[in-house]
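Need coordinates for the below:
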Amino acid sequence: MADQYTQLRREWGALAPKWIEEARTGGHVHRKGMLDGYMLSLCGDVSNLRILDCGCGEGRFGRMLARGGAGYVLGVDSCELMIEAARELQSSNEEYVLGDAQDLGFLADASFDLAISYLNHCDLPDFAANVREVFRVLKPGARFIVANLHPMRSAGGSWLRGPDGARQHIMLDNYFAEGERHLTMQDVGITNFHRTLSTYVRGFLWAGFTIEDIIEPTVSPEMVAKYPELEDELRVPNFIIYVLRK
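Model prediction:
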């Protein structure tokens, strides 16, 4: 397991400079063109809340929450370059620390009003450890908003194309074979982890959470016109959001 963690950190260390540049030059289209709206709406009024951002990356969403009035935003990420970048732009009510979202032992019980995981569970070898830790550090009645790759897509299906190259449908296979999936992002090899929907749901329930909602985000025709890259979102569920409450 230690070797696996070393490899994962090496991969994200290689990707980080490109990821940071893209985030700060208007990239990450699926986030800004679709997922941000869902996540901000689900977080609701964050005025004066203490918020934990698990797998915060370079701090983009944490900054959005801080600008929305959050009293304190703590971002945790295991990539040193991401944390350094987040600290460059942090405000007085934000803090970013190098750490493992699967082990939040440095945080006190019942110390946060809201927690988020924005496309982070697919990067964790043990997502359930993060879920248990978040449950511990949330106050009673607090929520955990989890956006993740849809299990149908994390299984690794690709598009079947017709003779003219047109996309016909997604080919789904090996859905029940949980484990590592290897992909390339910006010419860097990255390891993700595929799990079934039932594995995720059981992980949330066994930690003690209740599930208030499950959302499969899609995109409006207007946003597709603005961001043609999002056309797939009208046809298949690439992402999923879980609304959990302690």
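
Grab the nearest non-local neighbour of Asp53.
Spatial nearest neighbour of Asp53, chain neighbours left out: Gly75 (4.3 Å); criterion: C-beta to C-beta, 6 or more residues apart in numbering. Just so you know, the C-beta spots here come from the backbone N, C-alpha and C atoms, and that holds for glycine as well.

I figured that neighbour hits Cys56, correct?
Yes. Applying C-beta atoms under 8 Å as the test, Gly75 and Cys56 come out as touching, 2.9 Å apart.

After the longest helix anywhere in the chain, which helix or strand is next? Please name it.
Across the chain, the helix with the greatest residue count (assigned by DSSP state H) is helix 2-24. Following helix 2-24 in sequence order, the next helix or strand is helix 29-30 (DSSP states H and E).

Skipping adjacent residues, who's closest to Ser158 in space?
Using C-beta to C-beta, 6+ apart, the closest residue to Ser158 is Met171 (6.0 Å).

Now do the contacts for the one you found.
157-160 (C-beta atoms under 8 Å, 6 or more residues apart in numbering).

can we see that at 10 Å?
156-160 (C-beta atoms under 10 Å, 6 or more residues apart in numbering).

quick one, phi/psi of it?
phi -100, psi 110 (degrees, to the nearest 10).

separation between it and Thr196?
To Thr196, Met171 is 17 Å away according to C-beta to C-beta, to the nearest Å.

what about the longest strand in the chain?
strand 138-149 (DSSP state E).

Going by neighbour count, list what's buried in that strand.
With burial defined by 16 or more other C-beta atoms under 10 Å, the residues of strand 138-149 counted as buried are 138, 142-149.

what do you get for stretch 76-85?
76-79, 81-83, 85.
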